[in-house]
Structure formats: structure tokens, C-alpha cells
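Peer 1: here is a sequence with its predicted model. Questions after.
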Amino acid sequence: QVQLAESGGGLVQAGGSLRLSCAASGRTNGNYVMGWFRQALGKEREFVARLSRSGSITYYADSVKGRFTISRDNTKNTMYLQMNSLKPGDTAVYYCAATAVITAAYNLLRPATYDYWGQGTQVTVSA
């Protein structure tokens, strides 16, 4: 079992930046794919970014490419999402997630593939 806990959300003006953190605890020595998803009010949860299993390759949704950067610090068992040039459309609850499932890459865009989730952190971007 892995426990995930997000932090770093808040209220920011459009064009501003935030850095989200996701601290992992428990069985962190597993071979997991980790990523970020978000869910805006009244909408489905959607993929934002993820790391490859080794952590060396990054993947992004088109809507955030060039503005968001995903990374992790293995010494701290923490994953980050640096969000720059924020837009009102980025307003959502952001979740970090992890899965040990070995599956095709397109499945890793789907929230249902992930076994472990944090509680979420609210990001609000004002116009």
C-alpha cells in the first residue's frame, strides 16, 4: 500500500505560478507510475501529467504542455507539479495518483488505471 498526500494548492491570479507536492509513504519502494490528475467542478477527472516508471520520461496533456513541469525527488519520496502561466481554466482539485499496473501507455491516461490517490488540493486561478 502507498499513501499519497498533496499540498501546495491555493488561490492565484492568472499568469501566476504554484508548485504542488505529493508526498508518498508506505510501500514506496514499489515500481509505480505516478501522475497528476485534476477535476473541475461538474467535470470528469482528467489527466494532467505523469512520469514514466523510471521517472526519466514525462508526459503531459496538451492543455498544460509548456506551462507545467512534473518531477520527483526520490530522496524525499515526493513528486511535484510546477505550474506556470496559470489560467482560469486550470481551476480544479488536483490529485496525485500511483499505479503498479503494467499496461499500455494509453491506459495511463485513464483515472481508473490508478490504484492509489491523494485527497486532492484545490487550485483556483482568478481572472
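Peer 2: Nice, I can see it.

Peer 1: going forward, measure contacts and count neighbours with C-alpha atoms only.
Peer 2: Noted.

Peer 1: pLDDT of stretch 53-68, averaged?
Peer 2: Per-region confidence: stretch 53-68 scores 95 on mean pLDDT.

Peer 1: residues contacting the residue positioned nearest the centre of the chain?
Peer 2: Central residue of the chain (CA atoms, centre = their mean): Trp36, 1.7 Å from the mean position. Residues near Trp36 by CA atoms under 8 Å, 6 or more residues apart in numbering: 47-50, 81, 94-97.

Peer 1: by neighbours, which of the residues you listed wins?
Peer 2: Cys96 (31 neighbours; other CA atoms under 10 Å).

Peer 1: strand partners (parallel or antiparallel) of the strand or helix carrying it?
Peer 2: Per DSSP states H and E, Cys96 falls inside strand 92-99. Using DSSP bridges, strand 92-99 pairs in its sheet with strand 33-39 (antiparallel), strand 116-117 (antiparallel), strand 121-126 (antiparallel).

Peer 1: please identify the most buried of these.
Peer 2: Here the criterion is mean neighbour count by mean count of other CA atoms under 10 Å, and of those the winner is strand 33-39, at a mean of 24.

Peer 1: does anything pack onto whichever helix or strand comes after that strand? Which helices or strands?
Peer 2: Using DSSP H and E, the helix or strand that directly follows strand 33-39 along the chain is strand 46-51. Using 3 or more CA pairs under 8 Å, 6 or more residues apart in numbering; DSSP states H and E as the contact test, the elements touching strand 46-51 are strand 33-39, strand 58-60, strand 68-73.
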